[in-house]
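Trainee: give the three-dimensional model of this entry:
(one chain, ligands or ions: 1)
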Amino acid sequence: MSGVQARGGTLDFEGLQDLIDSHYRFQLLNAAVKLDLFTLLRKPANASDIAQMLGLAPQPLVMLLTGCEALGLLVQEAGRYRSSEIAALALVPGAPFDQLPLVRFADEVTYPGASRLYEALLENRNAGAEFLKGEGDTLYARLDSNPAAAAAFEGMMGTVTRHVTQRLMREIDLSAGGDLLDVAGGGCELAIALVDRWADLNVTVMDLPRVVEEARDRLLTSGQGDRVTLAAGDVFSADLPGCDYLVIAHFLEIWSEERCRGLLKSAAQALRPEGRIYLINMVRDDSGKAPFACTASSLYFHAIASGEGMVRRWQVYEDWLDGSGFVVERRVALTPMHGLIVARRA
Ligand SMILES: C[S@@+](CC[C@H](N)C(=O)[O-])C[C@H]1O[C@@H](n2cnc3c(N)ncnc32)[C@H](O)[C@@H]1O
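Mentor: Next up, the predicted model:
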């Protein structure tokens, strides 16, 4: 792809055309993934063999193959096509950097939701959640009535959380043991990793009732059911149980300042003296500069997830912690877009 960003923010006509065509870029990738093209082409094959294996007519096949080649997803050598390196690493089920859950989530949720971005900006609300049936105001409430979108959300979140958790485990030490509360802890991905690593740690995961029910089976399979407790509740109104450590991961970026400050105050009350809070968020650097991926995530929080949130600067979270009964101890970049802030009770 000729990169709009690679031109340092200046846009030429070719870049503009790329923007206008960007829906076809994603939809071609999406179609290729649904056809499992990149698994098929781990071994090179010629066009007529591919047509036969996929059951595609000659014209659509030409579009698929030439399009995927132009996007860098396929390589053609001596009349035969094979998956490019990145496609083989990330777009084959079970591949080392399997990103398929992110493609599925984009297909099920982001793509249809983003088509209401104009209304979402104009009306300052998450109009993009309305394509999902149901009554709730947020994406999370509507997932209850939309099983395919809920499964896609869980898959996407699992992929993101696994990646960030690997880095997080190198930055924290919970070997002293005790009770950890994972606020809006989702499918227990982090909770299971934490109790697997630290034998004297017990974790409570609080999340919405459907999410907690769905996590139960995963916990049983993990064999860690006795050290991870599930608590169904709305974290903005529930009493948070007392704990030695409190994690809020991938959550504050969804909500308004008012809600976040309220939650941090409840967290300070739940935390025992000497306790630590670990905030894991998408962050922008303090200069306010951000890669487009940050803006894309902000648009998702605003236009689809809640209509309240965005990716904020490190300093914003640190100020909120300061004002909510915490003393910030350190900040650590976990990935180019995710940061950890550690604070103790004041
Ligand atoms: C982006 S996910 C993060 C999940 C988890 N912390 C992680 O890092 O994988 C947001 C989570 O917040 C949960 N959630 C949304 N609103 C909530 C509320 N009011 N109370 C409790 N959980 C909520 C959702 O069900 C979802 O699991």
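Trainee: please report how far the closest residue to the ligand within the stretch 1-150 of the chain lies from C260.
Mentor: The stretch 1-150 of the chain approaches the ligand most closely through Y140 (3.9 Å), counting by C-beta to the nearest ligand atom. Placement of C-beta: from N, CA and C, glycine included. For Y140, the distance to C260 (C-beta to C-beta, to the nearest Å) stands at 16 Å.
Trainee: tell me, how many neighbours does P273 end up with?
Mentor: Neighbours of P273 under the rule other C-beta atoms under 10 Å: 7.
Trainee: confirm it sits in a strand?
Mentor: Yes. Counting by DSSP: H, G, I helix; E, B strand; the rest coil, P273 is part of a strand.
Trainee: so M282: helix, strand or coil?
Mentor: Following three-state DSSP, the label given to M282 is strand.
Trainee: okay, it and D319: tell me how far apart.
Mentor: Computed as C-beta to C-beta, the M282 to D319 distance reads 17 Å.
Trainee: of these two, which one has the most company?
Mentor: Legend: neighbour count by other C-beta under 10 Å for M282 and D319, higher for M282 (23 against 15).
Trainee: could you pull out the helices in the stretch 151-300 of the chain for me?
Mentor: 189-197, 209-222, 257-270, 292-300 (DSSP state H, counting those that start in this stretch).
Trainee: for R276, give me its contacts.
Mentor: 244-246, 329, 342-344 (C-beta atoms under 8 Å, 6 or more residues apart in numbering).
Trainee: partner residues bridging it?
Mentor: Taking DSSP bridges as the rule, R276 bridges to Y245, R344.
Trainee: in terms of pLDDT, where does it sit?
Mentor: Looking at R276, its pLDDT reads 98.
Trainee: now the one 10 residues further on
Mentor: You'll see D286 listed with a pLDDT of 92.
Trainee: and what of T10?
Mentor: At T10, pLDDT is 84.
Trainee: OK, contacts around it?
Mentor: For T10, no contacting residues are found, by C-beta under 8 Å, 6+ apart.
Trainee: which of the three states applies to it?
Mentor: Of the three states, T10 takes coil under three-state DSSP.
Trainee: likewise the one 4 residues further on?
Mentor: The three-state label given to E14 by three-state DSSP is helix.
Trainee: could you give the number of residues near it?
Mentor: E14 has 10 neighbouring residues, counting by other C-beta under 10 Å.
Trainee: would you check how far apart it and R276 are?
Mentor: Counting by C-beta to C-beta, the gap between E14 and R276 amounts to 50 Å.
Trainee: give me the number of residues near V342?
Mentor: Neighbour tally, V342, other C-beta under 10 Å: 18.
Trainee: my guess is it contacts L334. True?
Mentor: No. Between V342 and L334 there is no contact under C-beta atoms under 8 Å: 11.8 Å.
Trainee: among Y140 and C260, which residue is more densely surrounded?
Mentor: Set side by side, Y140 and C260 show more neighbours around C260, with 25 against 19, by other C-beta under 10 Å.
Trainee: burial count for the residue lying closest to that one once chain neighbours are set aside?
Mentor: Nearest non-adjacent residue to C260, counting by C-beta to C-beta, 6 or more residues apart in numbering: L252, 4.7 Å away. L252 has 25 neighbours, counted by other C-beta under 10 Å.
Trainee: what's the spacing between L252 and V75?
Mentor: 42 Å.
Trainee: what sits against the residue lying closest to R210 once chain neighbours are set aside?
Mentor: Leaving aside its chain neighbours, R210 sits nearest to D144 (5.1 Å; criterion: C-beta to C-beta, 6+ apart). Applying C-beta under 8 Å, 6+ apart to D144 gives the contacts 134, 136, 150, 208, 210.
Trainee: farthest pair in the residues you listed?
Mentor: G134 and L208 (13.2 Å; C-beta to C-beta).
Trainee: if you count what's nearby, which of these two comes out ahead?
Mentor: Neighbour count, other C-beta under 10 Å: between G134 and L208, L208 has more, with 19 against 14.
Trainee: am I right that that one is in contact with Y140?
Mentor: Yes. Contact criterion C-beta under 8 Å: L208 and Y140 qualify, at 6.2 Å.
Trainee: report pLDDT for Q224.
Mentor: pLDDT at Q224 comes out at 82.
Trainee: tally of neighbours for it?
Mentor: Using other C-beta under 10 Å, Q224 has 18 neighbouring residues.
Trainee: quick one: contacts of stretch 107-122?
Mentor: With contact meaning C-beta under 8 Å, 6+ apart, stretch 107-122 is reached by 26, 30, 126-132, 139, 148-149, 152-153, 299-300, 302-304, 307.
Trainee: next, see if it gets close to the ligand.
Mentor: No. Using C-beta under 6 Å from any ligand atom, we find that stretch 107-122 stays clear of the ligand, coming within 12.0 Å at best.
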